[in-house]
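1. here is the input, now give the coordinates:
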Amino acid sequence: MTREKIRPFRIDIPDADLSDLRQRLARTRWPAEVPQGSADYGVPIERVRVYAQHWAGDYDWRAHEAKLNRWPQFKTSIDGDEIHFIHARSPHANAFPLVVMLGFPSSLAELLPILPSLVDPATTGGDVRDAFHVVAPSFPGFGFSGAPSNGKWGVRRIAEAMNQLMQRLGYTHYGVQGGDWGAVIAPEMARAAPARVRGVHVNALVLLPPNDPHAFEGLSEREQQRINDQKEYMGQRLGYAQLQSTRPQTLAFSMADSPIGQLSWNLDLYDAFSRRVPGQTPIDRDVILTSVSISWFTNTAGSSARIYRDAGPDAFKPRENSGVPTGVAVFAGDSAIRRFAEPSNTIVHWSEFDTGGHLASLQAPELLVRDMQAFFRKLQVK
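-> A predicted model of the protein is given here:
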């Protein structure tokens with residue numbers, strides 16, 4: 001069997017790794033709390049303690065591992081590095097191939113709320129004509145793909161690898177969907193292979209606004225609020241991205257050696273995504289711990305952070321328009337503005353929601369699925 005072959009994969013974390021995690025959690029040396037325990041300084045100690053106690057106690061990794069293993073998983077080598085992915089073929093003959101991608105600090109566990117409705121809509125009361133064959137990859141450096149060893153993985157290289165993966169699976173035409181970094185990679189896949197990618201759907205789209213002050217004239221009140229929210233977020237919450245885009249390896253030492261270091265770093269991001277939507281239901285604690293556990297057990301917290309460095313400073317700037325039809329779902333807390341997105345994308349579908357959040361597969365799974373289905377139905381790709 002050559003490395004180019006697709007190999008079945010099943011998650012099976014050794015018991016010794018589970019024991020080691022609990023021992024490390026028990027030996028945690030906690031930092032001093034800031035006065036008044038203000039979250040303005042970062043995630044509060046007491047909040048991390050609650051998660052750590054649950055992680056070491058009632059949290060059942062084996063149960064969540066089993067949930068992930070219900071979905072067919074595989075590995076293959078592309079451009080010198082391993083790619084792990086879920087490949088869930090629909091039971092319906094008319095199903096359309098679809099790549100679904102997430103970002104940082106997410107894991108494929110965060111797709112579990114939407115996979116059943118995508119693969120077999122009948123199981124959740126949907127129309128079987130909206131079924132997809134779903135391919136959900138872990139980017140190089142993320143989760144069970146493992147730390148890459150063959151150079152930098154920037155946006156274009158990841159996009160080309162994802163297109164190559166779909167070809168290797170035998171799909172000549174397909175759609176792509178992505179949130180967070182997936183929303184950057186998905187349009188790039190279309191730019192790299194416009195004849196194969198039939199449609200691009202994104203949520204949590206991030207685009208830097210233009211430098212021209214006249215570009216902001218005539219914005220709606222809602223759009224102006226998004227600009228203000230984005231400025232506040234970049235001023236108060238973007239430190240993690242600045243560090244990961246400049247010194248990711250320095251950060252990797254603390255996350256590779258301390259589960260609490262990794263938990264607190266990731267939890268601060270999940271909290272930020274939740275707080276951007278006032279009144280938003282908190283993201284399920286076990287889901288967060290499952291994503292953190294995957295990064296811990298695979299030792300990829302540091303390597304996944306490298307995407308901020310490898311993508312370069314132009315990742316969120318306007319790019320060439322592929323001409324591929326594009327749909328954008330804007331959930332509460334997102335910053336996408338149509339006039340800024342249109343030069344880089346051929347937008348034929350634009351939805352705005354008053355609920356949801358940056359992590360829509362967790363915060364608004366039904367809305368996300370319905371919007372994806374509506375977009376691809378509009379394209380008549382089935």
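2. tell me which residues of stretch 45-63 come out buried.
-> Residues 45, 48, 51, 52, 55, 56, 59, 61 are the ones in stretch 45-63 that count as buried (16 or more other C-beta atoms under 10 Å). Bear in mind the C-beta positions are built from the backbone N, C-alpha and C, glycine included.
3. list the contacts of residue 304.
-> 104, 105, 139, 141, 142, 143, 295 (C-beta atoms under 8 Å, 6 or more residues apart in numbering).
4. typo on my end, it should be residue 263
-> 48, 51, 52, 55, 289, 292.
5. of those residues, which is the nearest to residue 250?
-> Checking the contacts of residue 263 against residue 250 with C-beta to C-beta, the nearest one is residue 292 at 20.0 Å.
6. mind exporting the C-alpha coordinates of the lowest-mean-pLDDT helix or strand in the chain to CSV?
-> Sorted by mean pLDDT, DSSP states H and E, the helices and strands of the chain end with helix 221-236, the least confident at a mean of 84. Taking C-alpha atoms only, helix 221-236 is exported to CSV below (Å, rounded to 0.1, in the frame of the first residue of the first chain):
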residue,chain,number,x,y,z
GLU,A,221,-27.0,51.0,10.9
ARG,A,222,-26.5,47.2,11.3
GLU,A,223,-23.4,47.3,9.1
GLN,A,224,-21.9,50.2,10.9
GLN,A,225,-22.4,48.3,14.2
ARG,A,226,-20.5,45.4,12.7
ILE,A,227,-17.6,47.7,11.9
ASN,A,228,-17.7,49.1,15.5
ASP,A,229,-17.8,45.5,16.9
GLN,A,230,-15.0,44.4,14.7
LYS,A,231,-12.8,47.3,15.8
GLU,A,232,-13.6,46.6,19.5
TYR,A,233,-12.8,42.9,19.0
MET,A,234,-9.5,43.6,17.2
GLY,A,235,-8.5,46.0,19.9
GLN,A,236,-9.5,43.9,22.9
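7. which SSE is immediately downstream of that helix?
-> Where DSSP states H and E defines the elements, the next helix or strand beyond helix 221-236 is helix 239-244.
8. helices or strands up against that following helix?
-> For helix 239-244, the packing partners by 3 or more C-beta pairs under 8 Å, 6 or more residues apart in numbering; DSSP states H and E come out as helix 248-257, helix 259-275, helix 307-310.
9. about what we covered before: of the buried residues of stretch 45-63, which belong to helices?
-> 45, 48, 51, 52, 55, 56, 61 (DSSP state H).
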